[in-house]
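Chemist: Only the shape, not the letters, is given here:
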């Protein structure tokens, strides 16, 4: 009797653990490109040249990472560029979107992953993105605290 109860409990434990592993969490990293600082008062808004420079950075990295251009189908009215992977290409697709809001440019990267924490690939890509933005914009490229992340309109894949 004890042996049978042990087997039943073991099978139940395996079933519970096995179903719990299918949970996905979302990793998100956001960078902001601020307008030039003024001598006094608030910062100036970003320029069209800044928008074009961000677009070049995002397009270059998206090409390197083999992301698909979704800019034309974006629901965000202020989108600069939007890229993502398809679910049939990878189990955990990356989404990269740049848009303008409130006088600054926001570059947002997300990836759904199993378990908790960032994958090595996600960490490497976010470092590469931040490095590229800082090369173009210097200290105007910032990593805001999570409480200051800008929300954006979800893309077609997220609807």
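Modeler: In hand now; what should we look at? Just so it is clear, the structure is predicted and the values come from calculations on it, not from any experiment.

Chemist: State the helix or strand in which residue 121 lies.
Modeler: helix 120-137 (DSSP states H and E).

Chemist: Just the buried residues of that helix, please?
Modeler: In terms of neighbour count (16 or more other C-beta atoms under 10 Å), helix 120-137 has its buried residues at 122, 125-126, 129-130, 132-134, 137. Using the backbone N, CA and C atoms, a C-beta is placed for each residue, glycine as well.

Chemist: Return the closest of these with respect to residue 42.
Modeler: residue 137 (17.6 Å; C-beta to C-beta).

Chemist: At the geometric centre of the chain, which residue sits there?
Modeler: residue 109 (1.5 Å; C-alpha atoms, centre = their mean).

Chemist: Go through the helix or strand hosting residue 109 and flag the buried ones.
Modeler: In this structure, residue 109 sits in strand 104-114 according to DSSP H and E. Neighbour counts over strand 104-114 (16+ other C-beta under 10 Å) mark 104-111, 113 as buried.

Chemist: Same question for stretch 96-105.
Modeler: Neighbour-count burial for stretch 96-105, counted by 16+ other C-beta under 10 Å, picks out 96-100, 104-105.

Chemist: now stretch 53-63
Modeler: Under 16+ other C-beta under 10 Å, the buried positions of stretch 53-63 are 53-54, 57-59, 61-62.

Chemist: ok, now stretch 84-92?
Modeler: Residues 84-85 are the ones in stretch 84-92 that count as buried (16+ other C-beta under 10 Å).

Chemist: what sits up against that stretch?
Modeler: For stretch 84-92, contacts defined as C-beta atoms under 8 Å, 6 or more residues apart in numbering pick out 24, 66-68, 70, 93-96, 111-114, 119, 155, 157.

Chemist: Could you identify the pair within those that is furthest apart?
Modeler: Longest span within the contacts of stretch 84-92, C-beta to C-beta: 70 and 114, 23.8 Å.

Chemist: could I get the buried residues of stretch 96-105 as TSV with pLDDT and secondary structure?
Modeler: TSV is the format used below for the buried residues of stretch 96-105 (pLDDT from 0 to 100; DSSP: H, G, I helix; E, B strand; the rest coil):
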residue	pLDDT	secondary structure
96	94	strand
97	95	strand
98	95	strand
99	94	strand
100	91	strand
104	91	strand
105	93	strand
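
Chemist: Redo those as a markdown table? Include distance to residue 142.
Modeler: Shown next, in a markdown table, are the buried residues of stretch 96-105 (distance: C-beta to C-beta, whole Å):
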| residue | distance to residue 142 |
| --- | --- |
| 96 | 18 |
| 97 | 17 |
| 98 | 14 |
| 99 | 16 |
| 100 | 15 |
| 104 | 9 |
| 105 | 11 |
